[in-house]
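Peer 1: With the sequence up front, the predicted model follows.
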Amino acid sequence: MSVIDQVKERLDITEYIGRHVRLQKSGRYFKGLCPFHTEKTPSFYVFPDDQRWHCFGCQRDGDIFNFAMEMNGYDFRTALEELAHQANVTLREQSPQEAKTESEAERLRALLSSAISYYHTLLMTAPQAAHARAYLRDRGFTRTTVETFQLGYSMDSWDAARTHLIGQGFTVEELIKAGMLIERDDGSTYDRFRDRLMIPIYDRRGRPIAFGGRVLQPDQQPKYLNSPQTILFDKGQVLFGYHLASRAIRDQDAVVIVEGYMDVMIPHQAGFKNVVAPMGTALSEAHLSQLQRLTRRYILCLDPDAAGVHGTLQGLETARQTLDRNWEAVFDPRGLVGYEGRLKADIRVMTLPSGLDPDELVLQDPARWQDLVNASQPVVRFTFQHMLAQEKPDEPKAKSRIVDAMLPLLKDIGDNIEREAYAQEIAQQLGIDVRGLLDRLRAMDRAEAIRTQAAVRGMTSTPTRMASDLEAHILSVLMHTPEILPRVDALLGQLDQDPLTDRDFGLDYRIIWSAWRHQADHPNLELADSLPSDMLDLVESWLAQALPEMTLAQWERDIVRTVLRIRERALREDLQRANGTLGAARLENETDIVAGERRRVMQISDALRKVQWALAQRLAQG
Ligand SMILES: [Zn+2]
């Protein structure tokens, strides 16, 4: 039985959905108000017999996995991990090392929970926290908001938190690992957070991972002190407020991205719950991939000073490079030349009045916040206005710089009419001919199409391509031409490589691969029976797209090459990890681990050499 089936069997879908939706029994099914669209009479049904749910209002439907994904904005992998955890199903055998890391993580989460309630109780009741309470009152915080975000206070003491948490049964070593203590050179320790407003930081599943501490005295530095990087906390990954915002982001189909804790908490307090903030870092790929499961509409809330504008533009660049694109086939008179990407996202910029932070603005006038959100400008227009202000648009050289900056943004606009309208607007304001602009856009499209085509044929390497793209490429080609698989395996054999197996795929694509293989052995089965619906959509989108014109023999080699590249990449990563562990083990004088890791490094290096040899053979050349 697959892991998916085991989870379904062990978890009661009615009970699981019932935690989020008030369900009423009616005959053989349950119904309630749909959590995914607004309604007054229930059209959301749960069918325990088939373990499925369906909404007759918004036509969403699915199984327990889809529900967890929709409800929490999880990707399939996270949903699988979370539900498997709840169902007590082991996804795969954990190595002793992984099991150790996981139990350590559990322990640190328990420690942080304990610290959260300790700090929170101090904030609410301790006489020493009076100034913290006064500060929150001045900043406009209500008691509910303080509770919702579980804000707290850390005593002006070198050891109060340490003493309390050790009293709760945690060790000094655990306190250091959780980032609560700082270790001096002589091995003694002291509390990291002293006399600060404590803001707990949660992961997207709502589990505590770190703290932010804000100063309460004007002369203290730094203004914000965060937990250090720990096994739980990777600040480049985290969006503050995400676990409280995800539902509103999905409901409103838009996310507002701000800069700080206060800018998240005060809008939440005023009912604007679709607001999150990165942890003092630029918007990263990891942030965007979490968000794009919930919405395609991103509103960047801009600090009006110059640095803010710069940061926003940088964030936009990340967004452009990261977000999903719709791949469209591009034709020229000789036939298909490749695929071009259009951004599947609507990115806007919201500009605040000078000198006002989001929290100040919301407190002054909540309605104004909504107006500004509504008035947010499409990124094309925002960037253009910014360039106009920065450059002297009368000078020919400045004109061409502006055009160069605008072209990639214009190219990303999926809708042709919209695209031409913006091109028109830009041409008009710069006093240039719009046809010239549109010609350059078409030339860029063609160049990109040829590049992708070359990449598909393996003529050039595309370093930005991620492993999952390579996996998707293999699966989509195989689904179009299943007959090449035996030949691919034979070619791999000639190169002294194992046949293609599920180990060549990451978890998501492994599910598709296994379902597809299973179906090959059971011709009366449909893929739809064994795939979650979003994966089925993906497979269907592959099948709907014609492959570029190549012979079967060319495809066979293309797939062999792709498999080898995936293996090479995976082995390189393994090697890096093993070397890292080896280095750490040496430092710690863990001789057993050193010996084991050294063996592993040698094994991986051997395997890597074999793959590289295979890649260099003529069989694997284009
Ligand atoms: Zn619905």
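Peer 2: On my side now, so go ahead.
Peer 1: where exactly do the strands run in the stretch 251-400 of the chain?
Peer 2: Ranges of strands within the stretch 251-400 of the chain are 255-257, 275-278, 297-302, 325-332, 335-343, 346-351, 377-378, based on DSSP state E, counting those that start in this stretch.
Peer 1: For the spatially closest residue to residue 574 that is not a sequence neighbour, which three-state class applies?
Peer 2: In space, and not counting its chain neighbours, residue 574 is closest to residue 604: 5.0 Å by Cβ to Cβ, 6 or more residues apart in numbering. From N, CA and C alone the C-beta is placed, and that goes for glycine too. Classification of residue 604 using DSSP: H, G, I helix; E, B strand; the rest coil returns helix.
Peer 1: isn't residue 604 right up against residue 575?
Peer 2: Yes. Using Cβ atoms under 8 Å, residue 604 is in contact with residue 575, at 4.7 Å.
Peer 1: Those two: which has the busier surroundings?
Peer 2: residue 604 (20 against 17; other Cβ atoms under 10 Å).
Peer 1: which parts of this protein sit against the ion?
Peer 2: 34, 36-37, 55, 57-58 (Cβ under 5 Å from the ion).
Peer 1: Of the residues you listed, grab the buried ones for ChimeraX.
Peer 2: The command below creates a ChimeraX selection of those among those that count as buried (16 or more other Cβ atoms under 10 Å):
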select :34,36,55,57
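Peer 1: Show me which pair in the residues of the chain next to the ion is furthest apart.
Peer 2: Largest separation among those by Cβ to Cβ: 36 and 57, giving 8.6 Å.
Peer 1: Excluding sequence neighbours, find me the nearest residue to residue 108.
Peer 2: Distance criterion Cβ to Cβ, 6+ apart; nearest residue to residue 108, sequence neighbours excluded, is residue 178 at 4.6 Å.
Peer 1: How far does stretch 106-118 sit from its chain's centre?
Peer 2: Stretch 106-118 has its C-alpha centroid displaced from the chain centroid by 25 Å (Cα atoms, centre = their mean, to the nearest Å).
Peer 1: Name the residues that touch that stretch?
Peer 2: With contact meaning Cβ atoms under 8 Å, 6 or more residues apart in numbering, stretch 106-118 is reached by 150, 152, 161, 164-165, 168, 170, 174-175, 177-178, 180, 198, 200, 207-211, 230-232.
Peer 1: Walk me through which strands whichever helix or strand residue 182 is part of pairs with, and which way each runs.
Peer 2: Following DSSP states H and E, one finds residue 182 within strand 181-183. Under the criterion DSSP bridges, strand 181-183 sits next to strand 189-191 (antiparallel) in its sheet.
Peer 1: Show the contacting residues for the one residue in the stretch 151-300 of the chain that gets nearest to the ion.
Peer 2: Nearest to the ion in the stretch 151-300 of the chain, going by Cβ to the ion, is residue 251, at a distance of 11.0 Å. By Cβ under 8 Å, 6+ apart, the contact set of residue 251 is 36, 38, 274.
Peer 1: would you list the residues you listed in TSV and tack on pLDDT?
Peer 2: Below are the contacts of residue 251 laid out as TSV (pLDDT from 0 to 100):
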residue	pLDDT
36	86
38	83
274	96
